[in-house]
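S.K.: sequence and predicted model, in that order:
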Amino acid sequence: KDATDNTLRAFGQSCVLRPTNEMEPISEKGEKPPLLYRSYSLEGGSRETRSASPEVGSSIRTPEPMDKDTMTFEVAWEVVNKVGGIYTVIKTKTAQTVEECGENYCLIGPYSESTAKLQFEEQDLPYDEHPFLADSIVAMRERGIGVHFGRWLIDGAPKVVLFEVHSACDKLAEWRYDLWDKCKIGCPDHDNDAQNAVLFGYLAAWFFGEYAERCTGQQRVVAHFHEWLSGVGLILTRMRNIRVATIFTTHATLLGRYLCADPKIDFYNHMSDFDADKEAADRQIYHRYCIERAAVYATHVFTAVSQITADEAEHLLKRRPEVVTPNGLNAFKFAALHEFQTLHAEAKKKIEKFVIGHFHGWLDFDLDKTLYIFTAGRYEFRNKGADLFIESLARLNHMLKESHPDVTVVAFIIMPAPTNSFNVGTLAGQAATKRHQDTVAEIKQKVGDKLWESISRGKMPQAADLLDTADQVKLKRCVYSSQPKTLPPIVTHNMVENPGEPDPVLTNLRRCELFNKRTDRVKVIFHPEFLNPSSPLLPMEYEEFVRGCHLGVFPSYYEPWGYTPAECTVMGVCSVTSNLSGFGCFIEQQVANPVGCGIHVIDRRFQSPEESVSQLTEYMYNYCKLSRRQRVNLRNRVERLSELLGWSSLTVYYQIARQLALRKAYRAPKGHKTQKAGVAYPVAVNAVKGRSDRFDPERNSLSSDQVPPEQLEM
């Protein structure tokens, strides 16, 4: 009921929604395909399709290819501007989208000089190939707006239009007033991100207005907007009656991220109980929430990156996404075929080298029986499941002490946090190891020369002749200098801790008494910095580090998708995720036996935290009991799933979203029937005949005088 409040208010009558499958598409053979959506009928004969949601993993028919008369735009703040995970989504997806749409594909984003000078190649305007595009850019430049056109230097080399957002700062006050006057959405002075969203949105809507005016009747246009930062552009495009098919994708709801960060809130079991307006206002993000929710209601097609995010959006944004568009990866980038086992061994040696230095003087465990486990991501202690991971490590430590004292686990926590400098103990251990390596290399060279000289003379070398007194003294010094004075550090850097706000990772490691003692079978290393090949401690790329580890653990509490376990999968590394992450839900839907394929999905939604900790501990313990051959077989099974996560398999959902948006925005005249191959979707109609002044998000467009106040005062 909550998900349809605004729809019912817009229709202006009392009506009852009841499930119906009357609108299921029929194949040419007369058979009904698997249900791709849930449609509803309104009493009185009309239908409402806002709750339609294709299930990921359903058997769907091949979408229609994009025709040459359709221009596709993709709008996001992260285009040629690395901010967060959306940058990775767009960057890796682009090559496949260019292959599908050809030259009729263009990205729109803000101009950031620091990034653009490395990834952007400016070009002349394409008057011959795309005159509408060139003329639209010229029209904005003539009005004093800085607009750049060129190619993004990534796979696919897509066309890009970048706006100098600050070139329109003189219009900010006017546009903020217009947004309030037309939509009743305010923009506070202190929120720079919201002000940038207003500037960027008005520039995007301006561009689409110029483009649509020039291509009327000659070209269909679809614009795909990502996240709330681009939402203002979508709202204005619809309100100004611009003939553009629109798609809005949420990668994570604003309010959901804030609510999940509060450890006192049981978010997923009370999603339907939240007063979204009040919660947003309490957290001082109500204006952002209004932009996001208005964009969700105004768009032709609403999509989310996972089923768990779709559930979240239904309750917080009051609209169920029509299409779920999972995030993919460039699988070819990570593909190593039969070599990935060799790459694992090479990367593992580099990790072992770091471990030897870090545990200098305390290396009393067998490296051949040592497993490397890690977790990584943004420093969101609860959302990323670091609390669950540390508690499980403590229990695993106790279990290994009791039953498998010969197995050692080295657990890495890679999460960037404020630091002052490197830990002195860590640097001292690495420096001492380097000195010992140099000493051994020098003695090794001398011994080799003596062996060669003795063999050349036809004499059998004697041990006493190979190692002289001076060399023995050097070796003794190395041994004596390795005598431990303090325990190996649990963190590689000196952390910045504010008074009264202790670091949560260190606090929980101390609470669980994970101090890297000799008797501990689980050793921990907190590395509060992203991996860098120029680092003096652990000089490795993140990709190389992942390949060298045995298991990645990501028991997230809030993770709309989750690239870290996906990256483990394409690199042949076993991983643990949760059913509260988009990736975990995707794997449960797509893979019949995830555990047998090296991916374990922890249940964090339908059981208590205590049960989730026990489940994670049991899986890590069982993994530690596997033989080397069993681990190799498991890595082979994991690597086979990489094709499932490639964009070549997942862009089909974006194609479906574009086709559905085009059908809604460019629907055929009444009484005109068309039948084309592809995915069939229900088309909504006005619920109240003769009430064209009512707000209907499924209509071709909106103008300011058609929108009732209650729809804009959200």
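M.R.: Now that the structure is in, tell me what you want to look at.
S.K.: contacts, neighbours, all on C-alpha from now
M.R.: Fine.
S.K.: ok, residue 186 to residue 212 distance?
M.R.: Residue 186 sits 28 Å away from residue 212, going by C-alpha to C-alpha, to the nearest Å.
S.K.: quick check: phi and psi at residue 158.
M.R.: When quoted as degrees, to the nearest 10, the phi and psi of residue 158 stand at phi -70, psi 160.
S.K.: tell me the contacts of it?
M.R.: 94, 95, 98, 103, 105, 106, 107, 151, 152 (C-alpha atoms under 8 Å, 6 or more residues apart in numbering).
S.K.: buried subset of those residues as a PyMOL selection?
M.R.: Entered in PyMOL, the line below selects the buried ones among the contacts of residue 158, by 16 or more other C-alpha atoms under 10 Å:
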select buried, resi 94+95+98+105+106+107+151+152
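S.K.: can you redo the contacts of residue 158 as a markdown table with secondary structure?
M.R.: Shown next, in a markdown table, are those (DSSP: H, G, I helix; E, B strand; the rest coil):
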| residue | secondary structure |
| --- | --- |
| 94 | helix |
| 95 | helix |
| 98 | helix |
| 103 | coil |
| 105 | strand |
| 106 | strand |
| 107 | strand |
| 151 | strand |
| 152 | strand |
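S.K.: now, which of the contacts of residue 158 sits nearest residue 413?
M.R.: Nearest to residue 413 among those is residue 94, at 31.5 Å by C-alpha to C-alpha.
S.K.: the residue lying closest to that closest one once chain neighbours are set aside: neighbouring residues, count only.
M.R.: Nearest residue to residue 94 in three dimensions, chain neighbours excluded: residue 156, at 6.3 Å (C-alpha to C-alpha, 6 or more residues apart in numbering). Residue 156: 18 surrounding residues under other C-alpha atoms under 10 Å.
S.K.: could you pull out the helices in the stretch 351-500 of the chain for me?
M.R.: Listed in chain order, the helices of the stretch 351-500 of the chain (DSSP state H, counting those that start in this stretch) span 386-403, 424-456, 463-466, 469-481.
S.K.: wait, residue 356 touches residue 363, no?
M.R.: Yes. Between residue 356 and residue 363 there is a contact under C-alpha atoms under 8 Å: 6.7 Å.
S.K.: point out where the stretch 51-200 of the chain drops to low pLDDT.
M.R.: Applying pLDDT under 70 to the stretch 51-200 of the chain flags the ranges 51-66.
S.K.: quick one: the helices in it?
M.R.: For the stretch 51-200 of the chain, helices defined by DSSP H, counting those that start in this stretch occupy the ranges 85-101, 113-119, 131-142, 172-183, 192-215.
S.K.: residue 593: helix or strand, and which one exactly?
M.R.: Assigned by DSSP states H and E, residue 593 belongs to no helix or strand.
S.K.: that one and residue 587, how far apart?
M.R.: 9 Å.
S.K.: the more surrounded of those two?
M.R.: The residue with more neighbours, out of residue 593 and residue 587, is residue 587; 22 against 12, by other C-alpha under 10 Å.
S.K.: just say helix, strand or coil for the more buried one.
M.R.: helix.
S.K.: for it, give me its contacts.
M.R.: Residue 587 neighbours (C-alpha under 8 Å, 6+ apart): residue 594.
S.K.: need the nearest residue in space to residue 529, chain neighbours excluded.
M.R.: That would be residue 416: by C-alpha to C-alpha, 6+ apart, it lies 4.2 Å from residue 529.
S.K.: now do residue 471
M.R.: Closest residue in space to residue 471, ignoring its immediate chain neighbours: residue 443 at 6.6 Å, by C-alpha to C-alpha, 6+ apart.
S.K.: so how many other residues sit close to the one you found?
M.R.: Counted with other C-alpha under 10 Å, residue 443 comes out at 20.
S.K.: what about stretch 204-223, start to end distance?
M.R.: Using C-alpha to C-alpha, one end of stretch 204-223 lies 10 Å from the other.
S.K.: likewise for stretch 245-264?
M.R.: First-to-last residue span, stretch 245-264, C-alpha to C-alpha: 41 Å.
S.K.: mind listing what's buried in that stretch?
M.R.: Neighbour-count burial for stretch 245-264 flags 245-256, 259-261 (criterion: 16+ other C-alpha under 10 Å).
S.K.: burial measure for residue 192, as a count.
M.R.: Per other C-alpha under 10 Å, the neighbour tally for residue 192 reads 11.
S.K.: got the contact list for residue 537?
M.R.: For residue 537, the contact set (C-alpha under 8 Å, 6+ apart) comprises 354, 426, 427, 430.
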